[in-house]
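> quick one, structure for this:
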Amino acid sequence: MLESKTLEYKREFSDTLKKTVIAFANTDGGQILIGIEDNGKVLGVSDVDGTLLRATNAIRDSIRPDVTLFTEVRSEIIDGKNIVVIDVQRGTARPYYFSTKGLRPEGVFVRQGASTVPATETAILHMIKETSGDRYENSRSLNQNLTFKSAEDYFVRKHIPFANPQKKTLGLIGDDDTFTNLALLLSDQCPHTIKIAVFQGNTKTLFKDRREFSGSLFKQLEEAFEFIDRYNSVQSQFVGLERMDKRDYPVEALREAFLNTLVHRDYGLSSSILISIFDDRIEFVTIGGLIKGLNLNDIMLGVSALRNPNLANIFYRLKLIEAYGTGIQKIMEAYRGTPVLPTIETSDNAFKTTLPNSNAGQSQSVGSLSSRQQQVLQLFRHHDSITRKQVEEALQVSQATAILLLREMVDKKILIKNGNGKNLSYRCQTSID
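Below is the predicted model of the structure:
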């Protein structure tokens, strides 16, 4: 018999047979006969027991996931000579690979005719999808060299264990003891990023700032939200004697919109999460549209079908989210009674949440003020309130000029008076960039 897609001869034991075992397990199974020339001539094996042991150990120690359940190593007599036979079935946890090489073409092999060849990246991904299903977070990670410093730090602060048993329970480690894509998302090697751009005005004409956040989702979570919060200014007004502070965006709405982008995005797509901050709004664009079977009305009613249930479960355990399907309702509730409500838009491949700036109509653009008025505003970087005397000294103007300047700014609703006579001071009602 000649060698074929499911049959290979080995003159003697060598490390190359491990490639053939991997290839058979990844393709249609096959049989390796040790002690036979390539042309089919039977030579026999002098040390049968030693060869059986070496072959068994090589398969057990060098191939991942564990393929021993799909292999049988035995001896047989052909033409009166002892040979060693390795029967390999097609495995159910494909792709199988060299433990030292990982899920890369140099570590994964398949059969093409009578040859053992490296698998292409496309073939590797196809095998992963075929054995893991369509859910991205359940699939085996192509990168198995993962570290979890950021995730471990986060779990420690939450007083939740994060050892291997917990990783397996949470879905970071699969049944084949390899890291899943969920582990990749939480690892320091996470390839997905969040991009945030801050624009001058209400259009994407002029950038004020831009950042890209990478690393573990937990690292991105904290750093990106801290960055967004810097642009959630506080506007202060006085109602009678009481000072009323109001942020541009309700913190609860900002938090829910941001967490939704992380929990519900389609990580099978390589594009970044996009967050755009304008003077009058913040837009959160999540990659991946609605899950099949849901429409926008369902979402607004609180119906939830999770694209990444294991990731959502981890966020739930860490108390980052309270319950599934309540995010949009919490956002709307946070804006109850405001003149402009958040909007939700969907397409086949994206989901956009827009939060309006509740203080946008009350803010005065600094760029539209005179140079002296801008100088007055700069005083509020160091003081909660200012007096006429401080304006005179800082701007080196007369008392009459200071009074006129402050009066104009009060009329424009940039400043508000506080007190009377000698106790008169001024507070700022607009944001200061």
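> from here on, contacts and neighbour counts on C-alpha atoms
Fine.
> list the residues that contact the residue found closest to Asn143 once you drop the neighbours it is linked to in the chain.
Sequence neighbours aside, Leu103 is the residue nearest to Asn143 in space, at 6.7 Å (criterion: C-alpha to C-alpha, 6 or more residues apart in numbering). Taking C-alpha atoms under 8 Å, 6 or more residues apart in numbering as the contact definition, Leu103 lies against Pro95, Tyr97, Ile124, Leu142, Asn143, Gln144.
> any idea how far the closest residue to the last one other than its chain neighbours lies from Phe70?
Okay, so that is Gln144. Take Gln144 and drop its neighbours on the chain: the residue closest to it by C-alpha to C-alpha, 6+ apart is Phe179, 6.1 Å away. Separation of Phe179 from Phe70 (C-alpha to C-alpha, to the nearest Å) stands at 21 Å.
> more crowded one of these two?
Applying other C-alpha atoms under 10 Å to Phe179 and Phe70 shows that Phe179 carries more neighbours, namely 24 against 15.
> verify the stated contact: that one with Ser141.
Yes - contact status for Phe179 versus Ser141: in contact at 5.8 Å, counting by C-alpha atoms under 8 Å.
> distance of the residue nearest to Gln144 relative to Leu146?
Separation of Phe179 from Leu146 (C-alpha to C-alpha): 8 Å.
> cool, Phe98 as well?
Noted for Phe98: a distance of 17 Å to Leu146, by C-alpha to C-alpha.
> for Glu322, same thing?
Look at Glu322 and Leu146: by C-alpha to C-alpha, they are 29 Å apart.
> same thing with Gly35?
For Gly35, the distance to Leu146 equals 41 Å [C-alpha to C-alpha].
> give me the more crowded residue out of these two.
Legend: neighbour count by other C-alpha under 10 Å for Gly35 and Leu146, higher for Gly35 (25 against 15).
> so that one makes contact with Thr51?
No - distance between Gly35 and Thr51: 10.1 Å, which falls outside the contact criterion (C-alpha under 8 Å).
> give the residues shared as contacts by those two.
Counting by C-alpha under 8 Å, 6+ apart, the residues touching both Gly35 and Thr51 are Val45, Val84.
> okay, now the unreliable bits of the stretch 101-250 of the chain?
Counting by pLDDT under 70, the stretch 101-250 of the chain shows low-confidence ranges at 132-134, 236-244.
> what about the strands in it?
Along the stretch 101-250 of the chain, the segments classed as strands by DSSP state E, counting those that start in this stretch run 109-112, 115-118, 194-199, 207-213, 234-239, 242-247.
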